[in-house]
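Q: Sequence first, predicted coordinates after that:
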Amino acid sequence: MLTKAFVKTQLFIESFKNDERGVTAIEYAILGVCMSAIVLAVFNGSLKTALDSAIAAITRNINTASGIK
């Protein structure tokens, strides 16, 4: 009986050991974070300037349309 339990436990562990789906998901998550960090590092200055300019233009247009100075 103890031998059967041991064999079943070993087979159960082997099935998880050979399953690499979780490892692949973690690898993709790490790659995604790295790519996001690189894009953010490259475009940080120019992207911030472009967004600030766009928001300022939108605010200016809204204020002009509503008559606020």
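A: Arrived safely, thanks for sending. Numbers count the residues shown, from 1 in each chain.

Q: Point out where the protein drops to low pLDDT.
A: Residue ranges of the chain with pLDDT under 70: 15-23, 69.

Q: can you give me the helices for it?
A: 2-17, 21-66 (DSSP state H).

Q: so how far is residue 53 from residue 39?
A: 20 Å (C-beta to C-beta, to the nearest Å). (Glycine included, C-beta is placed from N, CA and C.)

Q: Also residue 35?
A: As judged by C-beta to C-beta, residue 35 and residue 53 stand 26 Å apart.

Q: Kindly report the same for residue 47.
A: Counting by C-beta to C-beta, the gap from residue 47 to residue 53 is 11 Å.

Q: what do you get for residue 59?
A: Relative to residue 53, residue 59 is positioned 11 Å away (C-beta to C-beta).

Q: Also residue 61?
A: Counting by C-beta to C-beta, the gap from residue 61 to residue 53 is 13 Å.
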